[in-house]
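[1] Just the structure for this:
(2 chains)
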Amino acid sequence: AQRVTQPEKLLSVFKGAPVELKCNYSYSGSPELFWYVQYSRQRLQLLLRHISRESIKGFTADLNKGETSFHLKKPFAQEEDSAMYYCALRPNTDKLIFGTGTRLQVFP
Amino acid sequence: DVKVTQSSRYLVKRTGEKVFLECVQDMDHENMFWYRQDPGLGLRLIYFSYDVKMKEKGDIPEGYSVSREKKERFSLILESASTNQTSMYLCASRGGVSTDTQYFGPGTRLTVL
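    Down below sits the predicted model:
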């Protein structure tokens, strides 16, 4: 079965602390994985995609096929990083399968 | 800049009413999607369309139908609204097979009384 698991509903950290939002996937093929973010009162938007190997707003995510994970990391959290984060898997060209989301709260 | 708009930000309807949610995109995207977003459940795909007059069921199509008469417009229809359809509804579009980014609208928060 194709599935995305985000085990944490809520992650709270203080400003300047490292952040890791966990994402595990279940898919038998070659996965395409994404992180989407929704800031308060804003629309859901793409944060980064694994295929680009990019760093966006200080966030990175590495695909680990052995552990079937795509965790999102940032070394030093900022208050403006507070948002809802969704991990997503694209098993084919049409659909995305989203996880249940993790709310990140960064306290000053 | 991709623009996806939804007809209403907030909507209140009564049980049994027929409800139309409209979504329009201005980037000539082939693919359009309807999701519902619920706390603890994330985003779940209701229907998607990969071309005009083409549609496919997503993961939770029961109680919903869709219409895509023009490329830029994708409508979600609740034939007979029920209280368990109270939710945030998100529309998204994506352009072409090689483009992997979905662009989302602002959402419609539907309350069914």
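
[2] Checking residue A:80 next. Helix, strand or coil?
    helix (DSSP: H, G, I helix; E, B strand; the rest coil).

[3] ok, it - how many residues close by?
    10 (other Cβ atoms under 10 Å in any protein chain shown). Placement of C-beta: from N, CA and C, glycine included.

[4] again with residue B:23
    Residue B:23: 26 surrounding residues under other Cβ under 10 Å.

[5] same thing with the one 10 residues further on?
    Under the neighbour criterion other Cβ under 10 Å, residue B:33 is assigned a count of 25.

[6] Correct me if wrong: it contacts residue B:94.
    Yes: Residue B:33 lies in contact with residue B:94 (Cβ atoms under 8 Å); the separation is 7.4 Å.

[7] joint contacts of the two?
    Common contacts of residue B:33 and residue B:94 (Cβ atoms under 8 Å, 6 or more residues apart in numbering or on different chains): residue B:102.

[8] Show me what from chain B comes close to chain A.
    Within reach of chain A by Cβ under 8 Å from any Cβ of the partner chain, chain B has these residues: B:4, B:31, B:33, B:35, B:40-45, B:48, B:50, B:56, B:58, B:90, B:92, B:97, B:100-107.

[9] 10 Å - rerun?
    For chain B, the contact set with chain A under Cβ under 10 Å from any Cβ of the partner chain comprises B:4, B:6, B:31, B:33, B:35, B:37-45, B:48-50, B:56, B:58-59, B:90, B:92, B:94, B:96-107.

[10] Strands - which of those residues land there?
    In strands, defined here by DSSP state E, the members of the residues of chain B next to chain A are B:4, B:6, B:31, B:33, B:35, B:37-38, B:42-45, B:48-50, B:56, B:90, B:92, B:94, B:103-104.

[11] which among those residues end up buried?
    B:4, B:6, B:31, B:33, B:35, B:37, B:42-45, B:48-50, B:90, B:92, B:94, B:103-104 (16 or more other Cβ atoms under 10 Å in any protein chain shown).

[12] For residue B:87, the count of nearby residues, please.
    By other Cβ under 10 Å, 20 other residues sit near residue B:87.

[13] Once you drop chain neighbours, what's closest to it?
    Sequence neighbours aside, residue B:36 is the residue nearest to residue B:87 in space, at 4.4 Å (criterion: Cβ to Cβ, 6 or more residues apart in numbering or on different chains).

[14] same question, residue A:24
    Excluding its sequence neighbours, the residue lying closest to residue A:24 (Cβ to Cβ, 6+ apart) is residue A:5, at 4.6 Å.

[15] same deal with residue B:32?
    residue B:74 (3.9 Å).
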